[in-house]
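K.L.:
Pasting the sequence and the predicted model now:
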Amino acid sequence: MAIPYTQPSMALVRAVDGTYISYPFTSDGDTTTKVYNLVCTQRASDYNAAQIELDDTMSSAASAGVIDLPSGWADSKAYFVGDTGHTPIGGGMISFTRTFANIPQSITTPSGSESYTFPGMTVPAPVFGGVEQVEPSVSSISTQANISGVYVTLTGGNSSFFDEVEVGRYISISANFTIQGDSRIYNISGKHRILELNQQVIKIDIGLNWDYQPVFSVISSNVSSTTESRDPYTAVVPTTTEYNYILPGVTPWIGDIEDVRVPNKFYVMGGQTSSIADYVRDTEDAFLPGGTPIIIVGSVPDFTNYFEMIGNGTNLVVESSISKWAGNIHVLKTKTVKAQ
């Protein structure tokens, strides 16, 4: 009776047809990160889940635990993230996918929109030296093709009003206008940050732009104080999410996942108790009834700092978290909105 013969190589892990490389982040602009998917076969009785350890590299066939790697596949920056899809294929053999992955590049991408509550702002009322402030009106509106923002020409008003007008500050405008060739009546309304200033011509962004040079006609308008004081308000705003990928023991400064510092959500700390506050305000002198002087402690950030954050387009953290991406590679997600 013939003795059954089994090739010794059947006990080894062999990468077979169907093996491929994927690029999971090309749509986000990362064309470098590779995920190596080795479709492998082995005698089922010889499979050892502990043959190689998570985080081992694919620097050679031996380190990957296979007989051979496809030509050009050796990658010392590809880390083992697991064997999956174990399936019997007959004859005592199994098939599974052995996966190695690069640590993905950090990516920042638009992530939709959500409702967000911005802090109120408390600032002392402007002092006009005893001169009554005379507010201007809007005499004309103009813009150019394919740019954001419109130029608004202000007419009238006195120096007390324009002393408070400067780039980075806000102006309250309500203006009704038409566009040549369009029967609809448009409206500018609310506080707008001054982007440019040339004497009495200001540039603001009203959220509209045109692919041609429109001709505007102003029907009516009202312009009011430029004070930045406001109550907290909620608006639906665009969000951006940053993805940072971390492999403890490989990523610099991260020896263990507990070394990762997840960013705190943005909030305002107010007063001497440092409790969460609804308003930003600078430290200021005040008086109790009877004339006793006191100091009103400002917030952190205070009004001045937060106003600069608006001007700089600072990103405020909405939420953050850390989770596994593949194997021991983790992803730190940080969602932000721009201060306003």
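P.N.:
Yep, that arrived.
K.L.:
care to break the protein down by domain?
P.N.:
Listed by automatic domain parsing, the domain ranges of the chain are 8-103, 108-117+231-338, 126-224.
K.L.:
can you redo those domains as TSV with mean neighbour count?
P.N.:
Any C-beta I mention is one placed from the backbone N, CA and C, and that applies to glycine too. Output for the domains of the chain, formatted as TSV (neighbours: other C-beta atoms under 10 Å):
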stretch	mean neighbour count
domain 8-103	16
domain 108-117+231-338	14
domain 126-224	15
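K.L.:
got JSON lines for those, with mean pLDDT too?
P.N.:
Formatted as JSON lines, those follow (pLDDT from 0 to 100):
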{"stretch": "domain 8-103", "mean pLDDT": "95"}
{"stretch": "domain 108-117+231-338", "mean pLDDT": "90"}
{"stretch": "domain 126-224", "mean pLDDT": "85"}
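K.L.:
what helices or strands is the helix or strand Ile294 falls within leaning on?
P.N.:
In the assignment (DSSP states H and E), Ile294 maps to strand 293-296. Other elements packing on strand 293-296 under the criterion 3 or more C-beta pairs under 8 Å, 6 or more residues apart in numbering; DSSP states H and E are strand 284-287.
K.L.:
Going C-terminal from the strand holding Ile294, what's the next secondary structure element?
P.N.:
helix 303-312.
K.L.:
Show me which strand runs longest in this protein.
P.N.:
Looking across the chain with DSSP state E, the single longest strand is strand 75-90.
K.L.:
Give me the distance between that one and the centre of its chain.
P.N.:
33 Å (C-alpha atoms, centre = their mean, to the nearest Å).
K.L.:
The helix or strand following it versus strand 75-90: what angle between them?
P.N.:
Next in sequence after strand 75-90, counting helices and strands by DSSP H and E, comes strand 93-101. Calculated by axes from the mean of the first three to the mean of the last three C-alpha atoms, to 10 degrees, strand 93-101 forms an angle of 160 degrees with strand 75-90.
K.L.:
Not counting its own residues, what contacts the helix or strand just after strand 93-101?
P.N.:
The helix or strand immediately downstream of strand 93-101 is strand 107-118, counting by DSSP H and E. Strand 107-118 has contacts (C-beta atoms under 8 Å, 6 or more residues apart in numbering) with 25, 28-30, 232-243, 318, 335, 337, 339-340.
K.L.:
strand partners of strand 107-118, parallel vs antiparallel please.
P.N.:
Here strand 107-118 is paired, per DSSP bridges, with strand 233-246 (antiparallel).
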